[in-house]
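Asker: show me the folded form of this:
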Amino acid sequence: MKNTTFRFLIALTLLALSAFSLVNGQSAPQLANDRIRLIWTKTARGYEIKQVQVKQGSRWQTLGAASGENTLLYAAEKPSEKPSETFKTITGEVFPDPKYRYQLVQWAESTNPVSLNTAGQAIHFFPKEVRQTGKNSLTFQQETEAGTVMTEWAIDPKFPTDVVVKQTLTAKKGGYFSLASPTIASVAEREMSWATVPGYFQGNTFQPNFVLAYAYGHGIPKLPVLYRERCATTLSPMVSTRNGLTLSVIPEPGLSRDPWAVDKSTQIDWNIGLSHMNRKAELAPTLYYPVLGEPKSALKPGETMSYTFRYSLIDGDWFKALNHAAYDVYRFKESVAIRQSKQSLTERIQKMHHYLTDPKTSLWNIEDFEGKKIGAQTYNGGVVGSDKDAMKNADYGAMWMLATATGDSLLSQNVLPYAKNFKLSQQQTADGFFKGAAMGQYYLAKKKKFVEEWGDVVEPISLTYYIMLDFGNMLLFDPTNTELKIRLRLGADRLLNWQKPDGSWAVAYDKSTDAETFKDVQDVRPTFYGLIVAHRVLNDPKYLAAARKGADWMIKNAIETGSYLGVCGDARYAPDFATGQTAQAFLDLYDLTKDARYKAAAITAAKVYTTSIYTHPIATHQAKTVNGTPREDWEISQTGLSFEHGGIFGSATRQGPIQLCSHAGLFIRMYGLTKEPIFADMARAGAIGRHAFVEPKTSVASYYWNAMNRGSGPYPHHAWWQIGWLTDYLMAEAELRSDGKVSFPRGFVAPKVGPHQTYGFAPGTINGQKVNLIISETLVQLDNPSVDYLLAKAVQGGKAFVVLLNSRAQPSDVRVTVKGQAPVSKQLPAYGIEIMTIDAGEL
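Answerer: Residues are numbered from 1 along each chain as shown. This is a model prediction of the structure:
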């Protein structure tokens with residue numbers, strides 16, 4: 001019995017030692033647990049990985065083609081920063097056209113040898129030496145001509161599908177060095193189901209045209225390019241396979257640049273390179289550190305540098321992997337919970353109301369145009385042909401909502417009539433190819449003409465935006481207005497006429513020749529939404545049929561492929577917030593048709609849009625300074641903000657994300673639909689505690705992150721969009737938290753900037769009672785800026801309702817004072833809601 005027991009214990013010990021990789025004998029080095037296993041083998045080239053597997057249910061699934069190859073990049077001299085190649089569109093033009101001046105610098109730096117991953121000498125190797133350094137950890141070492149590379153591998157005990165790796169380089173000679181994360185496995189194109197570098201591209205097929213892939217993210221680039229962390233929203237290149245696994249690489253927090261390190265913007269610093277490929281252009285998520293030629297890459301003989309990252313091998317899709325990187329590694333939940341408001345969102349709406357009724361602060365202008373007095377706000381951003389005379393309006397839904405909810409005659413008499421005339425003048429009514437279309441979103445007062453942002457073109461998407469949506473939202477408040485209905489139908493018929501047989505639209509037409517332009521990109525945008533508006537307002541089934549045809553084309557060409565186009569002409573339509581708008585468009589189409597395909601498409605587009613929102617760096621209390629004002633890191637953090645447009649040449653490359661959090665309401669609705677926490681957390685992280693970007697006098701937030709709290713700047717019309725998205729967000733939160741007891745009908749999305757929607761055109765319900773939305777600064781006062789509130793008055797009877805919303809991840813105490821009544825103390829739980837019934841009094 002003793003001998004049997006002894007032999008059994010010996011066998012168990014040998015088995016355990018084998019599983020944990022003896023390596024000093026015959027056993028193969030390996031890292032393994034009940035979720036993942038990596039097994040090396042000794043060959044003539046060194047230690048190669050022969051097997052990478054992930055447990056999927058009760059079966060082990062192989063992940064890609066195992067490798068284990070290491071790469072060290074070396075350059076004796078600093079690599080050139082000048083572009084090394086030129087690239088053409090599918091229609092043969094060199095990209096980009098010089099007139100896109102905002103993009104030239106970004107494109108040039110994105111096509112230099114370092115960015116294209118051709119710089120330096122690539123030293124590839126399989127390490128020759130290995131030793132076991134712990135129960136489930138290994139250390140490999142390799143001598144190269146440029147330096148000694150030591151790589152420590154260990155399974156993370158906290159996250160058992162992660163392998164944490166630390167690489168250390170000791171230089172043997174002076175120069176510039178960059179270590180690439182070893183290739184544990186590569187994925188063949190036929191085995192790949194999805195690949196993404198979040199913030200830059202996503203897709204399920206390789207794109208042979210480099211411009212489409214690299215500039216627009218319309219497919220996976222075939223070159224092993226390096227992406228910068230400045231627009232990488234979640235620091236995790238990843239590849240998903242057809243057998244349901246996802247491989248990703250995630251740098252350790254703190255490795256990438258801090259966009260505001262101490263007292264100035266460090267947005268464009270480049271610490272890490274992210275790629276979907278290794279240097280040999282094999283599909284394998286790869287991290288490069290430091291970036292060759294950047295300051296940290298310069299070493300003298302004997303100097304060392306090291307970095308840490310992790311591989312994640314997940315039984316699941318890219319969205320599950322994204323959540324893991326955001327929550328488990330970059331602790332996104334902490335970045336949400338740290339946020340505290342110093343001004344309520346309700347108060348911001350009230351203050352912006354005053355800003356917008358003052359012509360001096362809002363830069364409101366009234367001009368004569370063809371016998372009409374038209375009104376709009378000064379626009380000092382870039383518009384081709386502008387002589388500082390451009391004018392624009394934004395968010396007609398918010399305009400009409402604010403005027404209705406406040407009952408303010410300054411808006412209803414001094415703003416709305418002239419804004420309506422502006423809209424009527426914007427539409428071509430004369431016969432011809434453009435009859436019914438918007439002749440441009442901007443008005444040039446000196447030239448007395450309407451123009452598009454960046455060229456003499458007319459866009460079908462602009463017809464949807466500046467005719468269908470704006471007329472549609474006005475008609476929600478004025479449903480019997482015959483003139484507006486005629487104009488809406490004029491636009492709808494033009495949109496129908498322009499729809500191609502496959503359901504798509506052109507990106508634009510040349511205004512002088514009627515010829516289609518921008519034929520190098522597809523109109524993968526929610527242009528079909530204009531026909532949803534037409535159907536809802538005019539109740540004509542032909543418009544719904546055409547909308548569905550356009551939506552079905554979008555499913556095949558955008559939703560399934562991950563290809564989206566933006567709506568900013570000055571950025572040559574780099575993918576932008578129109579992706580989020582696409583999600584709401586499909587959600588609205590689902591509400592009309594109850595076709596489950598449209599709900600699924602909405603969810604997919606919303607998930608993709610999470611890759612337009614930053615989940616790094618981890619927000620902290622670290623002391624920083626902004627223009628002489630002390631701030632804590634979380635107050636100016638990019639985490640939770642979305643960009644206008646990212647990728648290779650979007651505005652985020654230099655100016656960072658934006659404060660226009662149009663997606664917040666949509667994401668709250670998406671959380672209600674899917675129960676995916678990331679939707680609610682991203683909405684709240686973007687909306688709450690952003691006072692450091694709000695101009696104190698006007699309560700208007702800056703647009704770009706790097707402007708901090710300079711206010712509206714050249715974009716005074718943005719205040720309307722801000723009122724619109726803030727209202728949509730608060731309404732969505734109220735409906736979610738009350739389980740539908742607070743509910744108001746939603747109108748149409750706002751033009752251009754995202755998916756937020758219009759309210760206040762029809763009664764809603766609170767606790768089953770019909771109510772109208774109201775905005776009043778005098779009826780209710782709260783003493784805690786972390787508590788927002790909505791007001792509504794019963795349609796019948798003398799009651800009103802105060803809907804209290806705690807914006808914090810912690811409980812909040814608040815003192816509520818209703819005009820003419822004694823103060824009442826309330827305590828709301830984290831993200832809690834309370835509905836108070838009060839006497840409407842003088843309302």
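
Asker: select the longest helix from this protein.
Answerer: Longest helix of the chain, by residue count under DSSP state H: helix 718-737.

Asker: which strands or helices does it pack on?
Answerer: Here helix 718-737 touches helix 345-357, helix 396-406, helix 664-674, helix 677-687, strand 742-743, strand 787-794, strand 799-806, strand 833-839, going by 3 or more Cβ pairs under 8 Å, 6 or more residues apart in numbering; DSSP states H and E. All C-beta spots, glycine's among them, are computed from the backbone N, C-alpha and C.

Asker: and stretch 478-498, how far from the chain's centre?
Answerer: 33 Å (Cα atoms, centre = their mean, to the nearest Å).

Asker: my bad, should have said stretch 729-747
Answerer: 23 Å.

Asker: same thing with stretch 724-738?
Answerer: 20 Å.

Asker: can you give me the helices in the stretch 451-600 of the chain?
Answerer: Taking DSSP state H, counting those that start in this stretch as the criterion, the stretch 451-600 of the chain carries its helices at 460-463, 470-477, 482-498, 529-538, 541-554, 578-593, 596-609.

Asker: closest one to residue 166 among those?
Answerer: Proximity to residue 166, assessed across the helices of the stretch 451-600 of the chain by Cβ to Cβ, is greatest for helix 596-609 (32.2 Å).

Asker: how far out from the middle of the chain is that closest one?
Answerer: The chain centroid and the centroid of helix 596-609 are separated by 15 Å under Cα atoms, centre = their mean.

Asker: if we can go back for a sec, mind putting the helices of the stretch 451-600 of the chain into a markdown table with mean pLDDT and distance to residue 88?
Answerer: A markdown table is the format used below for the helices of the stretch 451-600 of the chain (pLDDT from 0 to 100; distance: least, Cβ to Cβ, whole Å):
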| stretch | mean pLDDT | distance to residue 88 |
| --- | --- | --- |
| helix 460-463 | 98 | 25 |
| helix 470-477 | 98 | 37 |
| helix 482-498 | 98 | 28 |
| helix 529-538 | 98 | 32 |
| helix 541-554 | 98 | 26 |
| helix 578-593 | 98 | 25 |
| helix 596-609 | 98 | 27 |
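
Asker: now the ones you listed in a markdown table, with mean neighbour count?
Answerer: Formatted as a markdown table, those follow (neighbours: other Cβ atoms under 10 Å):
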| stretch | mean neighbour count |
| --- | --- |
| helix 460-463 | 25 |
| helix 470-477 | 26 |
| helix 482-498 | 19 |
| helix 529-538 | 25 |
| helix 541-554 | 21 |
| helix 578-593 | 24 |
| helix 596-609 | 21 |
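
Asker: please name whichever of these is nearest to residue 710.
Answerer: Closest to residue 710 of those, according to Cβ to Cβ: helix 578-593, at 25.2 Å.

Asker: restricting to C-alpha, output the closest one in CSV.
Answerer: Extracted in CSV, the C-alpha atoms of helix 578-593 (Å, rounded to 0.1, in the frame of the first residue of the first chain):
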residue,chain,number,x,y,z
ALA,A,578,-22.4,59.5,-38.2
THR,A,579,-21.6,55.9,-37.1
GLY,A,580,-23.5,56.5,-33.8
GLN,A,581,-26.3,58.2,-35.8
THR,A,582,-26.5,55.0,-37.9
ALA,A,583,-27.4,53.0,-34.8
GLN,A,584,-30.3,55.3,-33.9
ALA,A,585,-31.5,55.3,-37.5
PHE,A,586,-31.8,51.6,-37.5
LEU,A,587,-33.4,51.7,-34.0
ASP,A,588,-36.0,54.1,-35.3
LEU,A,589,-36.6,51.9,-38.4
TYR,A,590,-37.1,48.9,-36.1
ASP,A,591,-39.7,50.9,-34.1
LEU,A,592,-41.6,51.5,-37.3
THR,A,593,-41.3,48.0,-38.8
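
Asker: can you name every helix or strand that it contacts?
Answerer: Contacts defined by 3+ Cβ pairs under 8 Å, 6+ apart place helix 578-593 against helix 529-538, helix 541-554, helix 596-609, helix 664-674.

Asker: what's the burial count for residue 97?
Answerer: Residues lying near residue 97 (other Cβ atoms under 10 Å) number 13.

Asker: list the contacts of it.
Answerer: Residue 97 makes contacts with residue 572, as judged by Cβ atoms under 8 Å, 6 or more residues apart in numbering.

Asker: that one belongs to a helix?
Answerer: No. Assessed with DSSP: H, G, I helix; E, B strand; the rest coil, residue 97 is coil; it does not lie in a helix.

Asker: measure it to residue 385 for me?
Answerer: With the distance defined as Cβ to Cβ, to the nearest Å, residue 97 ends up 16 Å from residue 385.

Asker: same check on residue 806?
Answerer: Note on residue 806: its distance to residue 385, by Cβ to Cβ, is 49 Å.

Asker: who has more neighbours out of those two?
Answerer: Using other Cβ under 10 Å, the more surrounded residue of residue 806 and residue 385 is residue 806, with 25 against 17.

Asker: what would the helices and strands packed on helix 578-593 look like in CSV with distance to residue 151?
Answerer: Listed next are those as CSV, based on distance: least, Cβ to Cβ, whole Å:
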stretch, distance to residue 151
helix 529-538, 51
helix 541-554, 45
helix 596-609, 34
helix 664-674, 39
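
Asker: which among the ones you listed is found nearest to residue 206?
Answerer: Taking the helices and strands packed on helix 578-593 one by one with Cβ to Cβ, helix 596-609 is closest: 18.3 Å.

Asker: any stretches of the chain with poor pLDDT?
Answerer: When residues are selected by pLDDT under 70, those of the chain lie in 1-26, 842-843.

Asker: what do you get if the cut-off is 50, keeping everything else the same?
Answerer: Applying pLDDT under 50 to the chain flags the ranges 1-26.

Asker: which residue is nearest the middle of it?
Answerer: The centroid of the chain falls nearest to residue 612 when counting by Cα atoms, centre = their mean (1.7 Å).

Asker: need phi/psi at that one.
Answerer: Residue 612 adopts backbone torsions of phi -100, psi 10, taken as degrees, to the nearest 10.

Asker: give the contact list for the spatially closest residue to it that is not a sequence neighbour.
Answerer: Among residues not flanking residue 612 along the chain, residue 642 sits closest, at 5.0 Å (Cβ to Cβ, 6 or more residues apart in numbering). Shown in contact with residue 642 (Cβ under 8 Å, 6+ apart): 577, 580, 609, 612-614, 657-658, 661, 663, 686.

Asker: so which of the helices and strands packed on helix 718-737 is nearest residue 570?
Answerer: helix 396-406 (22.3 Å).

Asker: quick one: list the elements packing against the closest one.
Answerer: Counting contacts by 3+ Cβ pairs under 8 Å, 6+ apart, helix 396-406 packs against helix 345-357, helix 409-414, helix 416-426, helix 470-477, helix 718-737, strand 769-774.

Asker: try it again at 6 Å.
Answerer: On a contact count with 3 or more Cβ pairs under 6 Å, 6 or more residues apart in numbering; DSSP states H and E, helix 396-406 meets helix 470-477, helix 718-737.
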